[in-house]
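>>> this is a predicted model, with the sequence first.
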Amino acid sequence: MCRNIRVLFNFEPPTTREEIEAAAVQYVRKVSGVQKPSAADQAAFDRAVRELTAVTDKLLASLTPKGPSRTREGEREKGKERWRKREAAMRSRF
């Protein structure tokens, strides 16, 4: 999975449409291999982002939470901790 795409399910406050769209943009960029589409491809790129946003919104609405809601701050801290562990592992190799 692309590291820039974040977990969007079971957040308090709920995931926003903008967050869902940003994830869709990242996904389309990753799959297409294109950061900024050409003028000829812009319509296809935009359509893919709209469709993925809609499907993701439906998916998130249909899922059943199995644990406590996540917070953005809590997820940020988990990410920092994972980074610290990766850094420590890299340092120990040398």
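Structure's in. What do you need? Numbering: from 1, shown residues only.
>>> neighbouring contacts of the helix or strand bottoming out on mean pLDDT in the chain?
For the chain, using mean pLDDT, DSSP states H and E, the weakest element among its helices and strands is helix 72-93, scoring a mean of 92. Outside of helix 72-93, the residues within contact range by C-beta atoms under 8 Å, 6 or more residues apart in numbering are 6-7, 11. For glycine as for every other residue, the C-beta is placed from the backbone atoms N, C-alpha and C.
>>> I'd like those residues as TSV, with distance to Arg91 appended.
TSV is the format used below for the contacts of helix 72-93 (distance: C-beta to C-beta, whole Å):
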residue	distance to Arg91
Arg6	27
Val7	28
Phe11	33
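>>> top of those by neighbour count?
Phe11 (19 neighbours; other C-beta atoms under 10 Å).
>>> which residues touch the nearest residue to that residue once chain neighbours are set aside?
Leaving aside its chain neighbours, Phe11 sits nearest to Arg70 (5.1 Å; criterion: C-beta to C-beta, 6 or more residues apart in numbering). Residues in contact with Arg70, defined by C-beta under 8 Å, 6+ apart, are 7, 10-12.
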